[in-house]
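> kindly return the folded structure for what I paste below:
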Amino acid sequence: MQTPIHLTARVQTGHKIEITTPELSEGDTVEVYVLPSGPMTTNGRTALEIIESLGGHRLFSSPAEVERYVGEELAAWDR
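So this is what the prediction gives:
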């Protein structure tokens, strides 16, 4: 079994990570696992906040409106 090489790297501009290891030869095939050393940062917005920020027309303003519309459509199919 190969001995793993433990490195610490900093994410650079453009979300890039550069790894330099003299232990490896050019052309070697390696597997790379990235484990963040702390909590990953996010923009702090929920999915609903992102959707609402997109603007534009929303067909339904509540779950009740969706249910009513679907019920009407199903009733129309039965005719």
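
> what does the host helix or strand of Ala64 contact?
Using DSSP states H and E, Ala64 sits in helix 63-77. Helix 63-77 is contacted by residues Phe60 when judged by C-beta atoms under 8 Å, 6 or more residues apart in numbering. Where C-beta positions appear, they are placed from N, C-alpha and C, glycine not excepted.

> give the rounded mean pLDDT of it.
In this model, helix 63-77 carries a mean pLDDT of 93.

> measure Phe60 to Ser37 for me?
Distance from Phe60 to Ser37, counting by C-beta to C-beta, to the nearest Å: 43 Å.

> check Thr8 too.
Counting by C-beta to C-beta, the gap from Thr8 to Ser37 is 8 Å.

> which of Phe60 and Ser37 has more neighbours?
Neighbours per residue, other C-beta atoms under 10 Å: of Phe60 and Ser37, the larger number sits with Phe60, 11 against 6.

> so what's that one closest to, chain neighbours aside?
Val66 (4.8 Å; C-beta to C-beta, 6 or more residues apart in numbering).

> state the mean pLDDT of stretch 13-29.
Taken as a whole, stretch 13-29 carries a mean pLDDT of 90.

> could you export that stretch as PDB, CA atoms only?
Extracted in PDB, the C-alpha atoms of stretch 13-29 (Å, rounded to 0.1, in the frame of the first residue of the first chain):
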ATOM      1  CA  THR A  13      -7.900  33.300  -6.600                       C
ATOM      2  CA  GLY A  14     -10.300  31.600  -9.000                       C
ATOM      3  CA  HIS A  15     -11.000  28.900  -6.500                       C
ATOM      4  CA  LYS A  16      -7.800  27.100  -7.500                       C
ATOM      5  CA  ILE A  17      -5.600  24.800  -5.400                       C
ATOM      6  CA  GLU A  18      -2.000  24.200  -6.500                       C
ATOM      7  CA  ILE A  19      -0.200  21.100  -5.200                       C
ATOM      8  CA  THR A  20       3.600  20.700  -5.500                       C
ATOM      9  CA  THR A  21       5.200  17.400  -4.300                       C
ATOM     10  CA  PRO A  22       8.800  16.400  -4.900                       C
ATOM     11  CA  GLU A  23       7.800  12.900  -3.800                       C
ATOM     12  CA  LEU A  24       5.800  12.300  -7.000                       C
ATOM     13  CA  SER A  25       7.200  11.900 -10.500                       C
ATOM     14  CA  GLU A  26       5.800  13.700 -13.500                       C
ATOM     15  CA  GLY A  27       3.200  11.600 -15.200                       C
ATOM     16  CA  ASP A  28       2.300   9.700 -12.100                       C
ATOM     17  CA  THR A  29      -1.400   9.000 -11.600                       C
END
